[in-house]
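K.L.:
okay, sequence plus prediction incoming.
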Amino acid sequence: MVNMTQDGVQETESKRVKVYVLEDNEWKDTGTGFCVGKISDVDGDGPAASVCEGKEGHLAAYLVVNDEGVPDKTLLWSKLEGNIEYQRQEETLIVWKDLSGQDIALSFEESTGCDALCDFIIQIQKTTESNISLIAVRSNDDGQGSVHEIITGPVNLPSNDPEQDDKSLMDALKILNENTAFEYLRTETMEFVLKNEYLLTLIHVFENAESKHALRELLLLSNIVKTLTLYNHRDVLEQMVDDDHIMGIVGILEYDTEFPFSKANHRDYLLQSGPHFKEVVPLKSDDIKNIIKKTYRLQFVKDVVLVRFLDDHSFNMISDVILDSQNCIIDFIQTEPFLEKVMALFEDDTELDTKRDGIRMLHQCVQITKNLEHAEKSRFFKALVRAGLFKIFDFAFGMETDSGIRILATDMVISIIEHDILLINTVQNEHLHQPNMLDQNQRQLLGPSSTLTQSAASSDISLLSILSQILVKDKNMGLKEQVVQALNTLLHPEGCLGADSDYNESGNMDIVMSLNDHRGNGSDSLMENLGFHMKEYFNNFYTQVAPVLFGPLIDDSYENADDDVLLIYLVKLISFIATEHNRRMSREFILENNILANISKLIASPHMLQLQLTAVRCLKGIACLNDEFYHRYMITMNLYQPIFDLLRKNLNEDNMVNSCLLDFFRTVSSQCLQAQELHSGESKNFIILNKHLVENFRNDLMAIDYVPFTQEMIRMYEADEEPYGLRIVEDKKTTTEKDAKRTFSEVSESLSTLADLKEGDVNLTFKRAMEKITAAPAHTSMEKDLLSNGS
Amino acid sequence: MKLDETITLLRQGKHVSEETVFVLCLRAQELLMNEANVTHVDTPVTICGDIHGQLHDLLTLFDKSGGVEHNKYIFLGDFVDRGFYSLESFLLLLCYKLRYPDRITMIRGNHETRQITKVYGFYDEIMRKYGNSNVWRYCCEVFDYLSLGAIINGRVFCVHGGLSPDVTTINQIRAIDRKQEVPHEGAMCDLLWSDPDEVNTWSLSPRGAGFLFGKNEVEQFLHTNDFELIARAHQLVMEGYKEMFDGGLVTVWSAPNYCYRCGNVAAVLRIEDTLDRNYMIFEAVPAQDDVGNAIIPTKKPQMDYFL
């Protein structure tokens, strides 16, 4: 039979248990029996004891144990009362001292039995005997000492009185600080805060304190609110930034113990000077408006109001809430007819300013997606492209003159292509291959009025040509920088293939598969198919875009200083395509257009030094490709000559030019050494280069007497020129001598260069680029940096 | 570009236009290109450790150590990240360098790279302040031009992180083409990433880049190059500086109350003509604007928000 009190507290089933009492510092076994948590009006030592006459009907809770052999015999009859602290030790033991001072222990046969009685104690604490408590005691992981955790008990809570002074606030702060220590107290405290509108109380007290300039109270309030944020309670956090609380909360946080004599102006900022919520397209849903406001306010709290205060936990907590809201916002944008309305701004004669705001808005959305998961990003970007993102690019790159807006548009392009280079073309393909699915609106978007939307095969190069035009023609430096980054991404062959397993595992395959679906091809022909389009894509690039893009290097017509910066970008792009693209394709373009000859000419005044060195690095990089055609071309055309002109000017300078040139000679010498040691017919390139350099510039190389490797170049050349038989002997001798002399670091230096170059084919730079994209922050350990004191 | 005006703006933490930053960075490149990978500096000179975007503490540093008008300074890198004024701190030093070329030497720290600044605050700060990343790109380009070390009077070697097993003599550093993102291994990486520790030989660094090196490596390096001291930064020292290995190496830390909460003091080290070492300790002081009003250091809030 289960007895219930009016509070709904259930008596427990009986559980087998041994009862101990402490006598003379020893635990004495008083018998084994069955224990129940009992609600009774009987007070006394057992069922036989008299009913408490005066208090008839007054129910109380008891822990009762009856002997298992003699059920009538009561082994224990102990009331839950006063401020008794029950300790649950490990799994099966409950220990306490009753009000008479008697230590009692119950040892349960099973932990579930112990659970049941603990639940009973918790129930009683929550209903009738709020001053008793239950503490869990477990031994530490290391076996030494123990961990105490409050399961239930009386909770000290701050005063919720609307009229408070510095004393009550000081108490509140103390209590709130103490309560952070235990999970149970934290939960109870947060429940109190939410149920009793404690934040409103604080705000009320704050308003009074501020009006009477009670600085001490203001600082205490600020510390109280800060302490509340450390509870990491999501609901409380969200309450702090809702319409009813935000001004009060940031008002309180304008006061700061660290800056007792100044006050921040968060309220002012939010009300006046700060940004206001702009609706480019009117929002109908109040919910989403509130989410947007909440997101903004949380960011403001995280980045400004509490920026010096948040610990990692609360920082992550706020970031999580922000992320969830951002997900909501991005979801909303895609589900409502919102995007269509935004895109419509770019079709008609909408005010220019509204169009610009539209771009700013979309840019912000794209920025938001930075934190989202890969699949979510893909979904959003696809929705953007489907809705007609290219309309916006047409506007930004066709009509817009404001660089700031063009920069934002380029930034969007970069975000999308860096996320997934295939995405734009894939979505365009959907249109192409499923014309019946298009509604009128989309047809219009793809209409002939747009240069960008005209061609839509996966070998489409329209984006490339637009960007190339901007790079060559636009005067804005920032825009150029961005466009170069976009071009680098668009021209990355592995990125275009999208099948590299190291890269975007889930994302790109997903696209590749859908591409496949649309074409109805079997998966076997998938790569072939992609390969075909890749080839076409790069063909188009080399025939249509590259001649325009690299025009300045082909025409040799650029001379003024402004264009030196452009030339730096172009020379770097040449290094990039020479290294990363199909060798035959890129080499044909580079050699047929005499680009290297023009680059070599750049290694001379009056070009800026940065450009001269970029050109040196480009030639060095191409030499390192170890490509016979390039080597022969550069030697025949005497393209290394300007390097030595530059060397003569900087021979005894210790500057970047000198270092850059030394690096070149070191590379040649170590490559040459490697080729000689291998005695391999295939890698003669560097031996021939070394010969060319020594024969033509011997005196210049001799003049470098502060590093060993230029002399080494000469030595290797001479060894190579000697009669064959003699050479072998001589070679061995010098090598051993040399090896003996070479220091550890010199050896490892040349070894590491060797390793570089072995890897140095197509993949090395790609891997590096990928590392950059995935940008794991592994290298700086926060704790190490923050906490290590060097010992 | 009016250098003095820009300096005034920067000292007040005020906005500097994108164009100004571009021109400034280009001029800084030209100046830095003339410097060696390891540049030579004469005494007396003040060595400063990590700054980490704590502009107001940087101003205090100059105030308390005599100022750039009358003194030479070597900064050991980590100008950016963590603090809220990375841009202003870095640009202010660049401006000073352009204004007084022989009084400021800037060495590259492990935070002066594209990858690290993307994660640890500088990139984020630029996005807030400009709404796009261009200024970040300009600055990163300058990072590639910064020196890797400095030598004072031929006797004190200054570097951000520490030693490298690939560097026994200074000339080996000379043949590095430093204009590049800091590699993940090799001499250039180690100089910026390594830490001294109680180890018997080169050991793996828990940072994942660079090495740990001990007394043996330090003594050998000092002996080989006829140096008496290695001055480096890179690690927080609660007391501002810490000498190790019988005074053969010192860590100097110049960001007081690091991250606005570590509670540490900061130090700079002045090397006198006699090569005597004088440490100057300073604490974080409440920041002030140009007319003495208190400034509460904080991030710039996000720009407009739409939908």
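P.N.:
Noted; the coordinates are in hand. For clarity, every value in this text was computed on a predicted model and none was experimentally measured.
K.L.:
and A:A181, that one's in a helix?
P.N.:
No: counting by DSSP: H, G, I helix; E, B strand; the rest coil, one finds A:A181 to be coil, located in no helix.
K.L.:
look up how far chain B lies from it.
P.N.:
21 Å (Cβ to the nearest Cβ, to the nearest Å). Placement of C-beta: from N, CA and C, glycine included.
K.L.:
what score does that residue have for pLDDT?
P.N.:
According to the prediction, A:A181 has pLDDT 86.
K.L.:
cool, B:E239 as well?
P.N.:
At B:E239, the model reports a pLDDT of 96.
K.L.:
on the three-state scheme, it is what?
P.N.:
When classified by three-state DSSP, B:E239 comes out as coil.
K.L.:
name the nearest residue to it, sequence neighbours excluded.
P.N.:
B:V265 (6.5 Å; Cβ to Cβ, 6 or more residues apart in numbering or on different chains).
K.L.:
got it, and A:F395?
P.N.:
Per Cβ to Cβ, 6+ apart, closest to A:F395 is A:F346, 5.0 Å.
K.L.:
residues near the one you found, how many?
P.N.:
Residues within reach of A:F346, counting by other Cβ atoms under 10 Å in any protein chain shown, total 22.
K.L.:
before we move on, back to that, show me what contacts the residue nearest to B:E239?
P.N.:
Contacts for B:V265 (Cβ atoms under 8 Å, 6 or more residues apart in numbering or on different chains) come out as B:238-240, B:256, B:281-283.
K.L.:
please pick the buried ones from these.
P.N.:
Using 16 or more other Cβ atoms under 10 Å in any protein chain shown as the burial test, these include B:240, B:256, B:282 as buried.
K.L.:
which one of the contacts of B:V265 is nearest B:T46?
P.N.:
B:F282 (11.9 Å; Cβ to Cβ).
K.L.:
that closest one bridge partners, please.
P.N.:
For B:F282, the beta-bridge partners under DSSP bridges are B:A266.
K.L.:
just checking, it touches B:T60?
P.N.:
Yes: using Cβ atoms under 8 Å, B:F282 is in contact with B:T60, at 5.9 Å.
K.L.:
can you pull out the strands in the stretch 101-250 of chain B?
P.N.:
B:104-106, B:149-152, B:156-158, B:195-196, B:203-204, B:211-213, B:229-232, B:241-244, B:249-252 (DSSP state E, counting those that start in this stretch).
K.L.:
and for chain A?
P.N.:
A:15-23, A:26-40, A:60-67, A:74-79, A:85-89, A:93-97, A:103-108, A:133-139, A:146-152, A:277-278 (DSSP state E).
K.L.:
let me have those in JSON lines, extended by mean neighbour count.
P.N.:
Formatted as JSON lines, these follow (neighbours: other Cβ atoms under 10 Å in any protein chain shown):
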{"stretch": "strand A:15-23", "mean neighbour count": "19"}
{"stretch": "strand A:26-40", "mean neighbour count": "18"}
{"stretch": "strand A:60-67", "mean neighbour count": "22"}
{"stretch": "strand A:74-79", "mean neighbour count": "20"}
{"stretch": "strand A:85-89", "mean neighbour count": "20"}
{"stretch": "strand A:93-97", "mean neighbour count": "19"}
{"stretch": "strand A:103-108", "mean neighbour count": "20"}
{"stretch": "strand A:133-139", "mean neighbour count": "17"}
{"stretch": "strand A:146-152", "mean neighbour count": "15"}
{"stretch": "strand A:277-278", "mean neighbour count": "13"}
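K.L.:
neighbours of the closest residue to A:D67 other than its chain neighbours, how many?
P.N.:
The shortest distance from A:D67 to any non-neighbouring residue, by Cβ to Cβ, 6+ apart, is to A:K73 (4.0 Å). Per other Cβ under 10 Å, the neighbour tally for A:K73 reads 15.
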